[in-house]
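Novice: Okay, predicted coordinates and the sequence, questions at the end:
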Amino acid sequence: MRPVPPGFDAGVWEQLERGRAQASSGDVAGAGELYRDAYEACRARQDHYYASVIAHQAGVAEPEVAKKHEWNLIAVAEADAVADRTRVRDFYASNLNNLGMTYARLGERARAKETFDRALRHAAELAPGAYADQVRGGIERNLARLSTEDSGTEAETSVRRATDDDVPALTRLINAAYRALGEMGLNFTGVTQDEATTRMRMNGCEVFVIERRDTLIGSVKIRIRDDDGLRYAEMTQLAVDPAQQLGGLGTRLVGLVEKRAMELGVDRVRLDTAIPARDLVRWYERRGYAAMGEIQREGKNYRSVILEKVLS
């Protein structure tokens, strides 16, 4: 266990360290239970300061966006209840930044911008230094991503079919986009695929990329398949540069696939993704996709849900 910071409650610190250790070992559910118990104990004694600290750490550890958002809301609410504002000054802007990110990931862009603006105002209260620069820079980057999408700057990007020359950059993009799923312990091909695998998986597909200033920032594949006479478009390896993931590119790529499917004369799109990636499944559901079955892919350590959207 790391040393207890000066002035920090030793018991709370021990609980935080145990939670971090469990989350790092892959036991996210166990860490969540530990954080919940620690939070409830603080609530019982009306210790809003440590309740906020615990909720913040729980939000960082939680991979599922809806639960992460719940923790982020709690962290801010508990910090708001602390009478001595100097106690929360060092982390309040960070709490707000985290809350803004989950608002954005849930599609509540106006609330996200409002929260990021609020976070930036509170970041001005931080003592000058590296930490203040880091917090302020993160907030500014998140605001810039939202502004890029909301101001309609698609003119800065272009969509085209991928070529063999794109394979090295496309491989790096896919590896980066799928890294978070790998960190959840899910052995998605995209986490580690090499250039040969990228090239092989392009065969028989239309591969579209979005680029900005000659840099690939998004990609998706589409292939027409036949299921006992029912033709459908299969969407695979949707990938967005992690630095661009608050900007609506994923939704744009899905829309591109749906448009292309209709051009090719099919009225539905299917995909599959890992059942444990609940955040990702819900993201597709919010875009009109519904579960229609499950499948166990060979060599995978997870079952996948098959999702379908019938196009109008």
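Specialist: Received the coordinates, thanks.

Novice: The residue lying closest to Arg231 once chain neighbours are set aside in helix, strand or coil?
Specialist: Distances taken as Cβ to Cβ, 6 or more residues apart in numbering place Val266 nearest to Arg231, at 4.9 Å, with adjacent residues excluded. The way it works is simple: take the backbone N, C-alpha and C, and place the C-beta from them, glycine included. Going by DSSP: H, G, I helix; E, B strand; the rest coil, the secondary structure assigned to Val266 is coil.

Novice: Spell out the residue ranges of the strands in the stretch 151-300 of the chain.
Specialist: Counting by DSSP state E, counting those that start in this stretch, the stretch 151-300 of the chain has these strands, from start to end: 157-161, 206-212, 215-227, 230-240, 268-274, 290-295.

Novice: right, so of those strands, which gets closest to Glu114?
Specialist: With Cβ to Cβ as the criterion, Glu114 lies closest to strand 230-240 of the strands of the stretch 151-300 of the chain, at 24.0 Å.

Novice: Tell me which other helices or strands that closest one touches.
Specialist: Counting contacts by 3 or more Cβ pairs under 8 Å, 6 or more residues apart in numbering; DSSP states H and E, the secondary-structure elements packed against strand 230-240 are helix 167-183, strand 215-227, helix 249-263, strand 268-274.

Novice: Tell me which residues are up against that strand.
Specialist: Contact with strand 230-240 is made by 173-174, 176-178, 190, 201, 205, 217-226, 249-250, 253-254, 257-258, 260-261, 264-266, 268-271, 308, as judged by Cβ atoms under 8 Å, 6 or more residues apart in numbering.

Novice: re earlier: okay, the helices and strands packed on strand 230-240, which one's buried deepest?
Specialist: For these, average neighbour numbers computed from mean count of other Cβ atoms under 10 Å are highest in strand 268-274, which has a mean of 20.

Novice: what are the C-alpha coordinates of that one, in CSV please?
Specialist: The C-alpha trace of strand 268-274 is given here as CSV (Å, rounded to 0.1, in the frame of the first residue of the first chain):
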residue,chain,number,x,y,z
ARG,A,268,-30.9,-4.0,-42.3
VAL,A,269,-27.5,-3.8,-40.6
ARG,A,270,-26.2,-6.4,-38.2
LEU,A,271,-23.1,-6.5,-35.9
ASP,A,272,-21.9,-8.4,-32.9
THR,A,273,-20.0,-7.3,-29.9
ALA,A,274,-19.0,-8.6,-26.5
